[in-house]
Structures are given as C-alpha cells and as structure tokens.
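Colleague: can you look at this prediction? I've put the sequence above it.
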Amino acid sequence: MGAALEYWSGRDLEPDERKLVENVRHYDCHIVAVTGGDMPSWYYSVGLFEKFGHPEVVIFGLKQTLAHSMINDLAARIREGERFESGAAAEGLLAGDFQCVFRTMADGWRDLLIGYATWFYRGDDFPVVQCLWPDMEGRAPWDSDFNPDYAELQPLLYNSDRGEARMVRIAEAIESPDRPCECSHEIRDWRFSDDPHRPVITQRHVAKRGAPILYVSHEADGTGWQFLDGAPDPQDLAVAHMHHLIELDPSLDELFDLPKGWQAWRASSEAAWERGPTPEDD
C-alpha cells in the first residue's frame, strides 16, 4: 500500500472521497471530471503516481467518454510498463493516425485545476503531465496555425503565465462564485433535463451531513431548484451541484419530471413523494 492509501485507510471520508480512495486501491486509477459553465471541461487521473510512480495525467477540451477512455487506456499501458513523461508521444489514443504528446504541467496550476489530486496526496509533491491532442490536420496545439476553435478548448499548461497558457478565461471562470463542478466520478443514467452540474439551493446540514431532503421546489421561471429539509423557515442555506444531492439521496431521482412551478414534499425520507403546483405569493 502506498503512503497516500495508507494515510486514508480507515478514515472518515465523504462519499466522493471514499469512492476515489477505493478506486485507487482496487483499480489503480480514479478519474475526476471538472465540468460546467462557459468553459471547456477537463479530466485528470488520481492514483498513477501512488501505484506506479508515474505522473498524473490531465486532458482538456474533449467529450467525457473520450477523455475517460484515453486515461483508462494510458493507465492500462502504464500498468504494462510504458511511461508517458514530458516530451513523450502516444499513438492509438485517438481514432485515426493522430499522435498525442505530453508536457509537464506548471506547478502553479495545481490548486486551480486538480484539487482532488492535491487532497489525495495531501500536498503538491507529485508530478503531473498534460496530454495534448492535435487538430484534425495533425498540428500540435502550440503551432501558430493550430485550429483556433480547438485552441479555445485546450490551454498550454506547461506555461505558468495565464496569457501564454491560454488560461485567462478559464481561470476567471474557476475563481468566480459560480465555479465549475469538480466530480470524482462519471455521472451515468442522468434523467433530469437540467445539467447535473447545475448549482441549486440546499442547506449545509443536508449537503454536508446528509440530513434528509423533505421538500423540493422547481422554480416556475426555470431559474433553478431548491432541495430543503422541509422546515417552515429553512436555515443555513447553501449552494450545491445538483447531482451531488441526487447521489446522496437516490429517491430524489423520482422527481426528474417535476414540472416548472411545482413542488414535492414528504413526511420522512421513507415516505412517498407528494406533488402539487407551488402556490403563488399573495
């Protein structure tokens, strides 16, 4: 068992944290997705350094299924002894005769981009490489004629300067109050029409300590949702991403078709949901 796994073994962890640790323990690698907002998504590994002494890998700007497949493919190849250090190239990660290259990510991006990895390793004493993919003409992302549409999706993280790294817009979005959602797992079988990473209103003792959700409201104007404990005067309001609450209480999935302007309520977490239009304010 590596040092990080040994440290986290037996500790009281949040569900996302426990899943991450167990995936590293049993499958050698865990993939975190960071999505949401008007910015590209990115995906990164946790566990490659713990299990193989190999740099963790981050990929920007691709669809989630493809990025997950690429990181899983890299993990399998690393398990067989391949190395993808800075300057290395890899074929076979993308369809067609395309080659991805790897560059060391500048240290200044760690806290901003790979929070779960720094949590797992309890600091920044681990290497990270960015897997950089070419455009449809095979041009590298640092080439002057690289497709500008793709350039918006893929920063150059080997640069520490925000401008040179093409990170100005992304960094501003991350540092805003509506920062994107950092997920330690792939979201499957999502039935709500809203984005799973959409911020919603809840309460701290619901999101952090698992207090039961007994009242749900879908705003009439479509501006959002509320997931509350049902008290007449809700306290300690907080914001959470929608899928985290559904994962805490899977029975909420029954409300995927709750119309706008409706509410749902129940007497306890074991009771059936009742529904009705939300009364208009006098």
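Modeller: Received it, and whenever you're ready, just let me know what you need.

Colleague: any idea which helix or strand carries residue 202?
Modeller: When secondary structure is defined by DSSP states H and E, residue 202 falls within strand 199-203.

Colleague: same thing with residue 213?
Modeller: With DSSP H and E as criterion, residue 213 is part of no helix or strand.

Colleague: mind checking how far it is from residue 277?
Modeller: Distance of residue 213 to residue 277, computed by C-beta to C-beta, to the nearest Å: 20 Å. C-beta: built from backbone N, CA, C; applies to glycine.

Colleague: can you check residue 220 too?
Modeller: Distance of residue 220 to residue 277, computed by C-beta to C-beta: 9 Å.

Colleague: could you do residue 169 as well?
Modeller: 41 Å.

Colleague: same thing with residue 90?
Modeller: In this structure, residue 90 and residue 277 are separated by 55 Å, where distance is defined by C-beta to C-beta.

Colleague: more neighbours: which of those two?
Modeller: residue 90 (18 against 10; other C-beta atoms under 10 Å).

Colleague: am I right that the more buried one is in a strand?
Modeller: Yes - for residue 90, which was evaluated using DSSP: H, G, I helix; E, B strand; the rest coil, the result is membership in a strand.

Colleague: please name the nearest non-neighbouring residue to it.
Modeller: Spatial nearest neighbour of residue 90, chain neighbours left out: residue 100 (5.0 Å); criterion: C-beta to C-beta, 6 or more residues apart in numbering.

Colleague: helix/strand/coil for that neighbour?
Modeller: Secondary structure, three-state DSSP: residue 100 is strand.

Colleague: which secondary structure element of the chain has the lowest mean pLDDT?
Modeller: Of all regular secondary-structure elements in the chain, judged by mean pLDDT, DSSP states H and E, the least confident is strand 181-183 with a mean of 64.

Colleague: now do residue 118 against residue 193, distance only.
Modeller: Taken as C-beta to C-beta, the span from residue 118 to residue 193 is 34 Å.

Colleague: looking at these two, which is more packed in?
Modeller: For residue 118 versus residue 193, neighbours defined as other C-beta under 10 Å are more numerous around residue 118 (17 against 9).

Colleague: for that one, pull up the helix or strand it's in.
Modeller: Here residue 118 sits within helix 115-121, counting by DSSP H and E.

Colleague: low pLDDT regions in the stretch 151-282 of the chain?
Modeller: Along the stretch 151-282 of the chain, the model assigns pLDDT under 70 to residues 176-186, 208-209, 222-223, 281-282.

Colleague: how about the helices in it?
Modeller: Assigned by DSSP state H, counting those that start in this stretch, the helices in the stretch 151-282 of the chain fall at 168-175, 204-207, 242-248.

Colleague: tell me which of those sits most buried.
Modeller: When neighbours are counted by mean count of other C-beta atoms under 10 Å, the highest per-stretch mean among the helices of the stretch 151-282 of the chain falls to helix 242-248, a mean of 20.

Colleague: which other helices and strands does that helix contact?
Modeller: For helix 242-248, the packing partners by 3 or more C-beta pairs under 8 Å, 6 or more residues apart in numbering; DSSP states H and E come out as helix 15-27, strand 199-203, helix 204-207.

Colleague: do that again at 10 Å, thanks
Modeller: Packing contacts for helix 242-248, counted by 3 or more C-beta pairs under 10 Å, 6 or more residues apart in numbering; DSSP states H and E, involve helix 15-27, strand 181-183, strand 199-203, helix 204-207, strand 225-228.

Colleague: make TSV out of the ones you listed and add distance to residue 260.
Modeller: As requested, those are arranged in TSV below (distance: least, C-beta to C-beta, whole Å):
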stretch	distance to residue 260
helix 15-27	29
strand 181-183	22
strand 199-203	14
helix 204-207	22
strand 225-228	10
